[in-house]
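1. Fold the following for me, if possible:
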Amino acid sequence: MKKNMKTAFICPLTFLAMALMLTGCGNQKSGGPPPVPEVAYVTIEQKQVALTTELPGRTSACLMAEVRPQVSGIIQKRLFTEGAYVRAGQALFQIDPALYQAALENAKASLARSEAQLSTIQLKEKRLKELLADRAVSQQDYDDAAALLRQVQADIQYAKATVQTAGINLKYTTISAPISGRIGKSSVTEGALVTAQQPAALATIQKLDPIYVDVAQSTADITRLRNLLAKGQLDQNGKSQKKVRLILDDGTEYPQAGMLQFRDISVDPTTGSVILRMVFPNQKNILLPGMFVRAVVQEGTNKQAILVPQQGVSRDPKGNPVTLIVDKDGKVQQKPLTLDRAIGDVWLVSSGLAPGDRVIVEGMLKVKPGMPVKAVPFEKGGQNNGKMKTAAPPTRTN
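-> The predicted structure follows:
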């Protein structure tokens, strides 16, 4: 009885297992092999690309003069408006000139006295010279008269120099602008005592048009550029090689281009960089001294650049850049890359790709190295004229 019940229970399970196996075989025959995935590719070509680099820097005035007094005295007037544009020679401050005017008059009086004595001494020397020829006077008398004449002539020269010095000091009581430019705030007010050659400036004048931009470039970058030039991978003979663009601190681009003036010959030991100086026009005074900016400098032209879309580059588990290509047999191959820099939405490739390689830019997630694929050219905008289709999953037959 128990044996019959066990047989009756096993038979239905056996039939069920056989039915499932037959169903699976039927599905495999009806579904067939999975379809070959489609990918979109771009063909690598060598192109001519202008290489640039962004370097941080600050603006500085092309001319700057600190206004200091050359004589001592009390400030009577301030003759300019703070922040205004002043011209070279324009009066800025007036120092009390009374003492210097008196010194000038005193010097003129001394000169007049010496000149008045000159005519009398000259006549006396002339008469004694004639009498000396007739031996009517002694040689000593003539020598005394001649020496007195030379002394009076020297006094006149000294008095003239004193008059000139007093006139210069009187002129310095009016403090004038040494250069043309924008003048800043005044550090003194009327009634303040100033001294000649004092360390504190009365005001500062800066010429802002044109304006300098000083940026720092590392010696490592300079060495890299020299190596590229030596290998012939970079050309610096372009007409626009010295043109520079400027990015302001808010991210906007300065409307006028500048020119690279020179590269310093000494390296800053604290930063390991050299200074590059650019000159920019600044008629509207948009750029002010001390502003933080970024200069876009032309490094040169790479006439055989290899560019790959950024969407065609991924990273391996170690973080190294790699890309997938379609080989001549229609299979996927992975290639490691050495990237130089990003230029817009493409990478500049230093090594890893050659002209004619077909780089996969769409459908990368569906394939892996060694798989056969159906490759179609990539169209900008991702349209591909309807050629790029997503492979449908295999159907199941119940």
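2. how about stretch 367-378: buried residues?
-> Within stretch 367-378, the residues scored as buried using 16 or more other CB atoms under 10 Å are 367, 373-376, 378. All C-beta spots, glycine's among them, are computed from the backbone N, C-alpha and C.
3. Please read the previous query as pertaining to stretch 75-88.
-> Judged by neighbour count (16+ other CB under 10 Å), stretch 75-88 contains these buried residues: 75, 78, 80, 86.
4. Wait, Ile156 touches Ala116, no?
-> No. Using CB atoms under 8 Å, Ile156 makes no contact with Ala116, being 10.1 Å away.
5. between these two, who's got more neighbours?
-> More neighbours surround Ile156 than the other of Ile156 and Ala116, with 18 against 10 (other CB atoms under 10 Å).
6. out of everything not next to it in sequence, what's closest to that one?
-> Ser114 (4.5 Å; CB to CB, 6 or more residues apart in numbering).
7. One more: Gln304?
-> In space, and not counting its chain neighbours, Gln304 is closest to Gln46: 4.7 Å by CB to CB, 6+ apart.
8. Helix or strand next in line after the least confident helix or strand in the chain by mean pLDDT, which one?
-> Of all helical and strand segments in the chain, the minimum by mean pLDDT, DSSP states H and E falls on helix 2-31, at a mean of 48. Downstream of helix 2-31, the first helix or strand assigned by DSSP states H and E is strand 38-43.
9. so how far is that next one off the chain centroid?
-> Taking CA atoms, centre = their mean, to the nearest Å, one finds the center of strand 38-43 at 40 Å from the center of the full chain.
10. partner strands of that strand, parallel or antiparallel?
-> Strand 38-43 has the following strand partners under DSSP bridges: strand 358-362 (antiparallel), strand 374-377 (parallel).
11. what number of residues lie near the residue nearest to Gln304?
-> Residues near Gln46, counting by other CB under 10 Å, number 14.
12. Name the nearest of the buried residues of stretch 367-378 relative to Ala220.
-> In terms of CB to CB, no member of the buried residues of stretch 367-378 lies closer to Ala220 than Phe378, at 36.1 Å.
13. Report pLDDT for that closest one.
-> Note for Phe378: predicted pLDDT of 86.
14. Do I have it right that it meets Ala40?
-> Yes. Between Phe378 and Ala40 a contact is recorded at 4.0 Å, counting by CB under 8 Å.
15. Lovely, talk soon.
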